[in-house]
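>>> Let me see the structure of the following:
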Amino acid sequence: MNRKEFLATTFAAGLGLAFVPSLLNCSSSKIVSQQLFEPLNLSAGNLAKVVGNVSRYTNKGGTVGIFETKDGFVVIDSQFPDSIQPVLDGISGKGKPVLYLCNTHHHGDHTSGNIAFKDPNTKIIAHKRVPELQRLAAEKSNKLAEQHYASILFEDRYKIDLGNQKITGYHFGNGHTFGDVMYHFENDNVVHMGDLMFTNMIPVYRTADGSDSRNWIKILEKAQSTFDNDTVFIFGHGNKPEFTTGNKSNLKEMANFLEASNEFVYGNMRAGISTEKILEKHQFIPGFENRKTPERFAGFLDELRKTLS
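Numbers count the residues shown, from 1 in each chain. Reported below is the predicted structural model:
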């Protein structure tokens, strides 16, 4: 998105218009000839094809990525046991195993459903910080007995070779959490961003979990330079199911939002204005009414103060 396009987007946001993830150029030049499979037959949730044999599923919690091969499935994130069960039932109906379950980070709306994956041959992959962060969160919520942890851990990069599809996990640092990973389906040119991407809402931001708005901006910029202009992105959360996929312009908008948030909060900090005083005049970050999320705004401002102090 160039400056002219961003100003137009910001103007629309100021009028209260949702930022619509752009899919105008989502046909990928990297897609290779492959057998296309019929979509899963699901009893609940919202399933949509993204590119090739990559689909996204929304129900309760973070967006799930699903990839089918002739030998089995790769699933990105697991929501909760009840909300991921329709996916597992649909996969079972095809008579294929889940080969890999890949977690994008430790938060419960992305990992609580791990325990529903009963096949001991399913390999669970995550960044090396994820199991401990997941355990600590479960301990606080008294849910230790309900956890299933990744056993294949990596630091910066991990590659899965499925023959006609290669999947690479990238850790570019901590933005949303200490264990953020994005997964690139290379042949279909689709990247699952996990919660490094929220559309039309304020992101969950907890410094204790590793949230750092300055690093987050750098990660989004690195993603834009790493992947090409045809790459389709799956987002961890959107205010509607159709807003959970998009392209680089959406990553740019998210980075611009974080930059504007930093400037807004830091400016108020220097002026000695408290969060309570900000809330008397503002319900969202100026210029980003599309991300208005009342129940999250005060906490977001307070946590940003910790980052910027």
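
>>> What residues sit buried inside the top helix by length along the chain?
Selection of the longest helix in the chain by residue count, based on DSSP state H, yields helix 248-270. Taking 16 or more other CB atoms under 10 Å as the neighbour-count basis, helix 248-270 is seen to contain the buried residues 248-258, 260-262, 264-265, 268-269. Glycine gets a C-beta too; all of them are placed from N, C-alpha and C.

>>> Run through the neighbouring helices and strands of it.
With contacts defined as 3 or more CB pairs under 8 Å, 6 or more residues apart in numbering; DSSP states H and E, the secondary structure elements packing on helix 248-270 are helix 3-14, strand 198-199, helix 213-226, strand 232-234, helix 294-308.

>>> most centrally placed residue in this protein?
If you average the C-alpha coordinates of the chain and look for the closest C-alpha using CA atoms, centre = their mean, you land on residue 194, 2.0 Å from that point.

>>> Quick check: it touching residue 64?
No: counting by CB atoms under 8 Å, residue 194 stays clear of residue 64, with 10.7 Å between them.

>>> Find the residues that touch each one of the two.
Among the neighbours of residue 194, those also in contact with residue 64 (CB atoms under 8 Å, 6 or more residues apart in numbering) are 76, 77.

>>> State the distance from residue 41 to residue 147.
Using CB to CB, to the nearest Å, one gets 29 Å for the distance from residue 41 to residue 147.

>>> Those two: who's more crowded?
Neighbours per residue, other CB atoms under 10 Å: of residue 41 and residue 147, the larger number sits with residue 147, 17 against 11.

>>> Spit out the contact partners of the more buried one.
When contacts are counted by CB under 8 Å, 6+ apart, residue 147 touches 111, 114, 115, 134, 135, 138.

>>> now swap in residue 231 and tell me
For residue 231, the contacting residues are 28, 189, 190, 191, 247, 248, by CB under 8 Å, 6+ apart.

>>> can you redo those as a markdown table with distance to residue 308 and pLDDT?
Shown next, in a markdown table, are the contacts of residue 231 (distance: CB to CB, whole Å; pLDDT from 0 to 100):
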| residue | distance to residue 308 | pLDDT |
| --- | --- | --- |
| 28 | 38 | 44 |
| 189 | 36 | 98 |
| 190 | 34 | 98 |
| 191 | 29 | 98 |
| 247 | 30 | 98 |
| 248 | 27 | 98 |
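
>>> Which of those ranks first by neighbour count?
In terms of neighbours by other CB under 10 Å, the contacts of residue 231 top out with residue 190 at 30 neighbours.

>>> Isn't that residue up against residue 55?
No: taking contacts as CB under 8 Å, residue 190 lies outside contact range of residue 55: 9.7 Å.
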